[in-house]
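Asks: only geometry, no sequence info:
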(Lines give C-alpha, C1' and ligand atoms only; values in the text may rest on other atoms or scores of the structure.)
Protein backbone atom coordinates (compact mmCIF):
# COMPACT_ATOMS: atom_id res chain seq x y z
CA UNK A 1 0.00 0.00 0.00
CA UNK A 2 1.33 3.44 -0.91
CA UNK A 3 0.07 5.03 2.26
CA UNK A 4 -1.48 8.46 2.42
CA UNK A 5 -0.35 10.58 -0.50
CA UNK A 6 -0.13 14.34 -0.35
CA UNK A 7 0.72 16.84 -3.04
CA UNK A 8 2.54 19.04 -3.47
CA UNK A 9 5.24 18.30 -0.89
CA UNK A 10 6.32 21.92 -0.92
CA UNK A 11 4.44 25.03 -1.96
CA UNK A 12 5.70 28.58 -2.04
CA UNK A 13 3.24 31.29 -2.92
CA UNK A 14 2.65 34.95 -2.48
CA UNK A 15 0.18 36.53 -0.16
CA UNK A 16 -3.26 36.78 -1.69
CA UNK A 17 -2.88 33.77 -3.95
CA UNK A 18 -5.09 30.74 -3.81
CA UNK A 19 -3.49 27.54 -2.55
CA UNK A 20 -4.86 24.03 -2.98
CA UNK A 21 -3.45 21.08 -1.09
CA UNK A 22 -4.35 17.56 -2.12
CA UNK A 23 -4.67 14.27 -0.32
CA UNK A 24 -5.30 10.70 -1.36
CA UNK A 25 -6.18 8.49 1.62
CA UNK A 26 -5.34 4.84 1.96
CA UNK A 27 -7.70 2.75 -0.09
CA UNK A 28 -10.59 1.47 1.99
CA UNK A 29 -10.20 4.07 4.71
CA UNK A 30 -13.42 5.92 5.36
CA UNK A 31 -12.21 8.71 7.61
CA UNK A 32 -9.91 11.54 6.57
CA UNK A 33 -8.33 14.24 8.69
CA UNK A 34 -6.54 17.51 7.90
CA UNK A 35 -4.01 18.86 10.42
CA UNK A 36 -1.80 21.91 10.53
CA UNK A 37 1.56 21.95 12.31
CA UNK A 38 3.34 25.13 13.36
CA UNK A 39 6.03 25.88 15.89
CA UNK A 40 3.73 28.15 17.82
CA UNK A 41 0.58 26.04 17.93
CA UNK A 42 1.85 22.51 17.40
CA UNK A 43 -0.46 20.02 15.68
CA UNK A 44 -4.02 21.22 15.21
CA UNK A 45 -6.93 19.31 13.74
CA UNK A 46 -8.59 21.46 11.12
CA UNK A 47 -11.40 19.25 9.81
CA UNK A 48 -12.30 15.62 9.37
CA UNK A 49 -14.56 13.64 7.10
CA UNK A 50 -16.29 10.30 7.36
CA UNK A 51 -17.61 8.65 4.21
CA UNK A 52 -16.83 11.88 2.34
CA UNK A 53 -19.02 13.96 4.66
CA UNK A 54 -17.48 16.67 6.86
CA UNK A 55 -18.06 15.73 10.49
CA UNK A 56 -16.31 18.51 12.38
CA UNK A 57 -14.79 21.65 10.90
CA UNK A 58 -14.50 23.56 14.16
CA UNK A 59 -10.74 23.69 13.78
CA UNK A 60 -10.80 25.54 10.49
CA UNK A 61 -9.25 28.88 11.35
CA UNK A 62 -11.46 31.15 9.24
CA UNK A 63 -13.52 31.44 6.12
CA UNK A 64 -10.43 31.62 3.97
CA UNK A 65 -10.03 27.89 4.56
CA UNK A 66 -12.24 25.31 2.92
CA UNK A 67 -12.02 21.56 2.47
CA UNK A 68 -13.81 19.13 0.23
CA UNK A 69 -13.93 15.40 -0.27
CA UNK A 70 -15.69 14.75 -3.57
CA UNK A 71 -15.05 11.01 -3.41
CA UNK A 72 -13.50 8.36 -1.21
CA UNK A 73 -10.06 8.68 -2.75
CA UNK A 74 -9.49 12.42 -2.87
CA UNK A 75 -9.67 15.48 -0.66
CA UNK A 76 -8.56 19.08 -1.01
CA UNK A 77 -7.79 21.84 1.44
CA UNK A 78 -8.00 25.29 -0.10
CA UNK A 79 -6.81 28.60 1.25
CA UNK A 80 -8.10 31.70 -0.52
CA UNK A 81 -6.62 34.25 -0.16
CA UNK A 82 -3.48 33.00 1.52
CA UNK A 83 -1.63 34.99 4.17
CA UNK A 84 1.90 34.68 5.60
CA UNK A 85 0.49 33.37 8.88
CA UNK A 86 -0.84 30.36 6.98
CA UNK A 87 2.73 29.14 6.52
CA UNK A 88 2.89 25.71 8.12
CA UNK A 89 3.09 22.02 7.39
CA UNK A 90 -0.29 20.58 6.52
CA UNK A 91 -0.84 16.89 7.15
CA UNK A 92 -3.54 14.62 5.90
CA UNK A 93 -4.34 11.40 7.74
CA UNK A 94 -6.75 8.57 7.11
CA UNK A 95 -8.29 5.89 9.24
CA UNK A 96 -10.36 2.78 8.46
CA UNK A 97 -13.47 4.29 10.05
CA UNK A 98 -14.77 6.42 12.86
CA UNK A 99 -13.42 5.16 16.17
CA UNK A 100 -11.71 2.36 14.31
CA UNK A 101 -8.00 1.78 14.06
CA UNK A 102 -5.15 4.19 14.07
CA UNK A 103 -4.68 7.29 11.96
CA UNK A 104 -2.08 6.98 9.22
CA UNK A 105 -0.39 10.23 8.32
CA UNK A 106 0.85 11.46 4.98
CA UNK A 107 4.27 13.10 4.59
CA UNK A 108 2.79 16.59 4.73
CA UNK A 109 2.82 19.68 2.54
CA UNK A 110 5.13 22.47 3.62
CA UNK A 111 3.43 25.75 2.71
CA UNK A 112 5.28 29.03 2.66
CA UNK A 113 3.32 32.20 2.00
CA UNK A 114 5.54 35.19 1.25
CA UNK B 1 -10.52 21.66 28.61
CA UNK B 2 -8.95 18.50 27.35
CA UNK B 3 -5.20 18.82 27.02
CA UNK B 4 -1.99 16.88 26.82
CA UNK B 5 1.23 18.01 28.44
CA UNK B 6 4.69 16.99 27.42
CA UNK B 7 6.84 18.85 29.91
CA UNK B 8 10.15 18.19 28.17
CA UNK B 9 10.63 20.20 25.00
CA UNK B 10 14.07 18.80 24.26
CA UNK B 11 15.92 15.78 25.62
CA UNK B 12 19.48 14.71 24.87
CA UNK B 13 20.75 11.22 25.65
CA UNK B 14 23.76 9.16 24.76
CA UNK B 15 23.39 6.19 22.50
CA UNK B 16 22.74 3.09 24.57
CA UNK B 17 21.27 5.01 27.48
CA UNK B 18 17.73 4.49 28.67
CA UNK B 19 14.98 6.93 27.77
CA UNK B 20 11.76 8.10 29.32
CA UNK B 21 9.53 10.72 27.73
CA UNK B 22 6.79 12.13 29.88
CA UNK B 23 3.15 12.67 28.99
CA UNK B 24 0.27 13.81 31.19
CA UNK B 25 -3.32 14.36 30.22
CA UNK B 26 -6.07 16.39 31.77
CA UNK B 27 -9.75 15.51 32.14
CA UNK B 28 -11.17 12.83 34.38
CA UNK B 29 -12.23 10.14 31.96
CA UNK B 30 -9.70 7.58 30.80
CA UNK B 31 -8.77 8.41 27.26
CA UNK B 32 -7.35 6.40 24.45
CA UNK B 33 -3.62 7.12 24.49
CA UNK B 34 -1.08 7.22 21.70
CA UNK B 35 2.56 7.91 21.05
CA UNK B 36 3.67 9.03 17.60
CA UNK B 37 7.16 9.67 16.24
CA UNK B 38 8.02 12.20 13.57
CA UNK B 39 11.34 12.09 11.77
CA UNK B 40 12.53 15.26 10.04
CA UNK B 41 10.50 16.02 6.95
CA UNK B 42 8.21 13.08 7.54
CA UNK B 43 4.70 12.48 8.71
CA UNK B 44 3.79 10.94 12.03
CA UNK B 45 4.15 7.23 12.66
CA UNK B 46 2.30 5.43 15.42
CA UNK B 47 4.63 3.83 17.98
CA UNK B 48 2.01 2.37 20.29
CA UNK B 49 -1.45 2.88 21.72
CA UNK B 50 -3.45 2.09 24.82
CA UNK B 51 -7.17 1.50 24.77
CA UNK B 52 -7.76 -0.79 27.74
CA UNK B 53 -6.39 -3.84 29.52
CA UNK B 54 -2.74 -4.28 30.42
CA UNK B 55 -1.39 -0.89 31.37
CA UNK B 56 2.05 -1.66 29.97
CA UNK B 57 1.93 -1.63 26.21
CA UNK B 58 4.61 -2.63 23.77
CA UNK B 59 5.17 -0.82 20.53
CA UNK B 60 7.38 -0.82 17.51
CA UNK B 61 11.12 -0.11 17.51
CA UNK B 62 11.55 -1.41 21.05
CA UNK B 63 9.40 1.24 22.71
CA UNK B 64 6.95 0.68 25.53
CA UNK B 65 4.64 2.90 27.53
CA UNK B 66 2.86 2.55 30.83
CA UNK B 67 -0.53 4.02 31.62
CA UNK B 68 -0.84 5.18 35.22
CA UNK B 69 -4.35 6.30 36.00
CA UNK B 70 -3.44 7.72 39.42
CA UNK B 71 -0.92 10.03 37.80
CA UNK B 72 -2.82 10.69 34.55
CA UNK B 73 0.35 9.74 32.77
CA UNK B 74 1.41 7.69 29.80
CA UNK B 75 5.19 7.83 29.70
CA UNK B 76 7.18 6.39 26.83
CA UNK B 77 10.29 4.33 27.56
CA UNK B 78 13.08 2.56 25.78
CA UNK B 79 15.83 0.68 27.61
CA UNK B 80 18.59 1.44 25.12
CA UNK B 81 18.41 4.30 22.63
CA UNK B 82 19.83 4.06 19.13
CA UNK B 83 21.05 7.00 17.07
CA UNK B 84 18.18 6.39 14.66
CA UNK B 85 15.70 7.18 17.44
CA UNK B 86 16.52 10.87 17.14
CA UNK B 87 13.21 12.46 16.19
CA UNK B 88 10.27 14.32 17.64
CA UNK B 89 7.83 12.38 19.77
CA UNK B 90 4.20 13.28 20.26
CA UNK B 91 1.80 12.02 22.86
CA UNK B 92 -1.87 12.17 21.88
CA UNK B 93 -5.22 11.39 23.49
CA UNK B 94 -8.70 10.71 22.25
CA UNK B 95 -11.85 10.63 24.36
CA UNK B 96 -14.03 8.16 22.51
CA UNK B 97 -14.20 10.50 19.55
CA UNK B 98 -12.28 10.72 16.37
CA UNK B 99 -10.29 13.74 17.41
CA UNK B 100 -6.71 13.31 18.47
CA UNK B 101 -5.41 15.95 20.85
CA UNK B 102 -1.66 16.22 20.56
CA UNK B 103 0.95 17.38 23.01
CA UNK B 104 3.53 19.91 21.95
CA UNK B 105 6.14 17.25 21.33
CA UNK B 106 9.54 16.32 22.72
CA UNK B 107 12.56 16.54 20.49
CA UNK B 108 15.03 13.74 21.17
CA UNK B 109 18.68 14.17 20.34
CA UNK B 110 21.04 11.19 20.57
CA UNK B 111 24.78 11.58 20.98
CA UNK B 112 27.13 8.79 19.91
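Replies: On my side now, so go ahead. Everything numeric in this text was worked out from a predicted model, so none of it was measured.

Asks: please report how far residue A:94 lies from residue A:4.
Replies: For residue A:94, the distance to residue A:4 equals 5 Å [CB to CB, to the nearest Å]. For the C-beta atoms, the positions are set from N, CA and C on the backbone; glycine is no exception.

Asks: so for the two, which residue has more residues nearby?
Replies: residue A:94 (26 against 23; other CB atoms under 10 Å in any protein chain shown).

Asks: measure that one to chain B for me?
Replies: For residue A:94, the distance to chain B (CB to the nearest CB, to the nearest Å) stands at 11 Å.

Asks: give me the nearest residue to the spatially most central residue of chain A, chain neighbours excluded.
Replies: Central residue of chain A (CA atoms, centre = their mean): residue A:34, 3.3 Å from the mean position. Nearest non-adjacent residue to residue A:34, counting by CB to CB, 6 or more residues apart in numbering or on different chains: residue A:46, 4.4 Å away.

Asks: so that neighbour versus chain B, what's the distance?
Replies: Note on residue A:46: its distance to chain B, by CB to the nearest CB, is 11 Å.

Asks: helices or strands up against the strand or helix carrying that residue?
Replies: If you go by DSSP states H and E, residue A:46 is part of strand A:42-50. Judged by 3 or more CB pairs under 8 Å, 6 or more residues apart in numbering or on different chains; DSSP states H and E, strand A:42-50 is in contact with strand A:31-38, strand A:53-56, strand A:65-71, strand A:74-79.

Asks: what are the buried residues along the second one?
Replies: This means strand A:53-56. A:55-56 (16 or more other CB atoms under 10 Å in any protein chain shown).

Asks: what are the pairing partners of it, and which direction each?
Replies: Paired strands of strand A:53-56, with direction, are strand A:42-50 (antiparallel) (DSSP bridges).

Asks: quick one: the strand it pairs with to strand A:31-38, angle?
Replies: Going by axes from the mean of the first three to the mean of the last three CA atoms, to 10 degrees, strand A:42-50 is angled at 160 degrees with respect to strand A:31-38.

Asks: what's strand A:42-50 in contact with?
Replies: Strand A:42-50 is touched from outside by A:30-38, A:54-57, A:59-61, A:65, A:67, A:69, A:75, A:77, A:91, A:97-98, B:90, B:98-100, B:102-105, with contacts defined as CB atoms under 8 Å, 6 or more residues apart in numbering or on different chains.

Asks: 6 Å - rerun?
Replies: With contact meaning CB atoms under 6 Å, 6 or more residues apart in numbering or on different chains, strand A:42-50 is reached by A:30-37, A:55-57, A:59-60, A:67, A:69, A:98, B:99, B:102, B:104.

Asks: which regions of the chain lie under the pLDDT threshold?
Replies: No chain was given, so I picked chain A. A:1, A:99-100 (pLDDT under 70).

Asks: if you could check chain B rather than the one you did, that'd help
Replies: For chain B, residues meeting the criterion pLDDT under 70 lie at B:1, B:27-28, B:96-97.
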